[in-house]
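Student: Return atomic coordinates for the entry below.
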Amino acid sequence: LVVLPAVGALAVALVPRAREEVAWVLASAVTVATAALGAYLLVNFDTAHAAEFQFVTQHTWIASFGISWKLGVDGISLFLVVLTVLLFPLAIAGSYVHHDAKAYLAWLLLLEAGCIGVFVALDLFVFFVFWEVVLVPMYMLIGGWGYERRVYAAVKFFLFTALGSALMLVAILTLVALHRGGPTFDLVRLATDQDFARSTGHWLFAAFALSFAIKVPVFPLHTWLPDAHTEAPTAGSVILAGVLLKLGTYGFLRFGLFLFPEATVRFAPVLLTLGVVGITYGAIVATMQRDLKRLIAYSSVAHLGFIVLGTFALTTQGLQGGLLQMVNHGLSTGALFLLVGMIYERRHTREIAQLRGLQKPAPVMAAVFTVVMLSSIGLPGLNGFVGEFLVLTGTFVSRRWWAVVGATGVILAALYLLWAYQRVFHGAPDESNASVGDL
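Tutor: Residues are numbered from 1 along each chain as shown. This next block holds a predicted model:
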């Protein structure tokens with residue numbers, strides 16, 4: 001799962017520049033093959049032992065430092081791996097670039113390898129390597145194939161996430177140095193064989209949490225996200241929303257709660273509050289956006305607030321709801337970005353005021369957009385409802401008032417998405433919108 005897209009990236013990079021159609025076919029084939037491996041993983045996963053790591057690969061890498069190439073999945077990471085391998089072939093199929101497609105596809109495949117590596121790494125050194133690997137392809141995709149302010153957005157994305165990575169590296173090295181059984185980066189050993197003061201655990205958790213909070217991003221560290229989403233190419237936006245943001249929420253769940261349970265309980269009220277603020281703030285700002293893509297970008301801030309809320313409610317329903325919402329947000333918001341990218345390719349604008357009456361020339365697109373929008377709102381019967389409902393019920397049990405305030409985000413989501421849909425698809429289309437091609 002990790003090696004195939006990485007080798008595919010190298011193979012695509014070696015394709016002659018004059019044969020870009022070969023690069024498209026090769027990249028598509030590699031992502032489909034990786035998706036097939038993900039399907040094999042899903043079918044053969046032993047659900048009776050979902051709390052245990054399965055398909056474990058372990059080889060000693062740097063023995064003197066206790067570093068090993070250790071990968072595996074459990075019930076937490078399984079569906080995030082499957083989500084990743086599902087979204088990449090869809091992102092390639094649903095996007096088109098007008099220059100240097102070979103490099104674009106190679107960076108996408110390297111990004112897939114890095115994302116899967118983060119979700120399956122069980123050694124903190126390997127995890128950190130993959131965490132850093134992810135930054136470079138995303139920076140290149142935004143800066144090389146984005147829109148007008150792409151360089152600004154790419155640099156801002158890189159600086160924010162690199163700052164968080166530096167803090168996490170210090171925390172990882174400190175955690176390893178304090179391990180009483182000798183140096184090791186093994187996640188399970190570090191979690192079960194700890195010997196440091198409570199205050200030290202608090203500082204270490206804070207460093208990890210700040211790094212993950214930037215990646216999620218949690219309010220007020222979210223300012224890089226709308227710019228990155230708005231300026232990224234379509235495939236970049238799909239992967240950024242569907243997979244990259246989940247690296248932060250997954251980090252909270254896998255490393256924050258697992259390595260520092262006591263500190264997690266201590267800091268939970270702070271993160272719950274930031275999650276609730278993100279839900280309401282993201283929704284209110286999304287309502288006022290004039291750019292359709294930027295509106296969906298701010299909706300991500302709100303939806304990710306629900307995941308943070310469920311995670312730090314520290315109840316079974318909340319944690320499971322947060323994990324489900326990671327998958328559901330990736331599907332719904334990834335689909336929204338694909339659709340907005342298709343609208344832009346047809347109209348060369350994302351301004352809501354210039355898009356009107358698209359339902360008449362593009363009824364199939366309008367129908368698909370309706371279903372995806374309603375799933376993003378959280379309509380019962382669609383995927384978005386399940387995660388949000390579990391998050392709110394799980395939070396209500398342990399943190400009642402946070403759940404009450406967070407529930408307003410569901411209402412606000414209906415406001416900004418329905419209002420945007422009404423302005424873009426309803427009404428009589430003017431001359432420039434009357435001939436828009438359907439899905």
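
Student: What are the buried residues along the helix of greatest length in the chain?
Tutor: Scanning the chain for the longest helix, with DSSP state H as the assignment, gives helix 316-347. With burial defined by 16 or more other C-beta atoms under 10 Å, the residues of helix 316-347 counted as buried are 317-344, 346-347. All C-beta atoms are positioned from the backbone trio N, CA, C, and that covers glycine.

Student: for that helix, packing partners?
Tutor: helix 78-93, helix 234-239, helix 245-251, helix 292-313, helix 363-377, helix 383-398 (3 or more C-beta pairs under 8 Å, 6 or more residues apart in numbering; DSSP states H and E).

Student: Restricting to C-alpha, output the second one in CSV.
Tutor: Below are the C-alpha coordinates for helix 234-239, written out as CSV (Å, rounded to 0.1, in the frame of the first residue of the first chain):
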residue,chain,number,x,y,z
THR,A,234,-9.4,20.4,-7.9
ALA,A,235,-7.6,17.2,-7.1
GLY,A,236,-5.5,19.1,-4.5
SER,A,237,-8.7,20.4,-2.8
VAL,A,238,-10.3,16.9,-2.8
ILE,A,239,-7.3,15.3,-1.2
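
Student: sorry, back to before: possible to save the helices and strands packed on helix 316-347 as JSON lines with mean pLDDT, mean neighbour count and distance to A413?
Tutor: Output for the helices and strands packed on helix 316-347, formatted as JSON lines (pLDDT from 0 to 100; neighbours: other C-beta atoms under 10 Å; distance: least, C-beta to C-beta, whole Å):
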{"stretch": "helix 78-93", "mean pLDDT": "92", "mean neighbour count": "22", "distance to A413": "21"}
{"stretch": "helix 234-239", "mean pLDDT": "87", "mean neighbour count": "28", "distance to A413": "19"}
{"stretch": "helix 245-251", "mean pLDDT": "90", "mean neighbour count": "24", "distance to A413": "17"}
{"stretch": "helix 292-313", "mean pLDDT": "90", "mean neighbour count": "28", "distance to A413": "7"}
{"stretch": "helix 363-377", "mean pLDDT": "92", "mean neighbour count": "19", "distance to A413": "5"}
{"stretch": "helix 383-398", "mean pLDDT": "91", "mean neighbour count": "22", "distance to A413": "9"}
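
Student: closest to D193 out of those helices?
Tutor: helix 245-251 (21.1 Å; C-beta to C-beta).

Student: what's the offset of whichever helix or strand comes after that closest one from the middle of its chain?
Tutor: Next in sequence after helix 245-251, counting helices and strands by DSSP states H and E, comes helix 257-259. With C-alpha atoms, centre = their mean, to the nearest Å as the basis, helix 257-259 stands 20 Å off its chain's centre.

Student: what does the average pLDDT come to for stretch 116-130?
Tutor: Stretch 116-130 shows a mean pLDDT of 93.

Student: Buried residues, it. List them.
Tutor: For stretch 116-130, by 16+ other C-beta under 10 Å, it's 116-128, 130.

Student: now stretch 149-156
Tutor: Here stretch 149-156 shows 150, 153-154, 156 as buried, counting by 16+ other C-beta under 10 Å.

Student: can I get the CA coordinates of it in CSV?
Tutor: The C-alpha trace of stretch 149-156 is given here as CSV (Å, rounded to 0.1, in the frame of the first residue of the first chain):
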residue,chain,number,x,y,z
ARG,A,149,-2.7,33.5,-5.3
ARG,A,150,-1.3,29.9,-5.4
VAL,A,151,2.3,30.8,-4.3
TYR,A,152,1.1,32.7,-1.2
ALA,A,153,-1.3,29.9,-0.3
ALA,A,154,1.4,27.2,-0.7
VAL,A,155,4.0,29.0,1.4
LYS,A,156,1.5,29.8,4.1
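
Student: Which ones among the buried residues of stretch 116-130 lie within helices?
Tutor: 116-120, 124-128, 130.

Student: Of these, which is the nearest to A297?
Tutor: Looking across these and measuring by C-beta to C-beta, the closest to A297 is V118, at 21.9 Å.

Student: Pretty sure the closest one sits against F127.
Tutor: Yes: applying C-beta atoms under 8 Å, one finds V118 in contact with F127, separated by 6.4 Å.

Student: residues in contact with Q354?
Tutor: Counting by C-beta atoms under 8 Å, 6 or more residues apart in numbering, Q354 makes contact with 347, 432.
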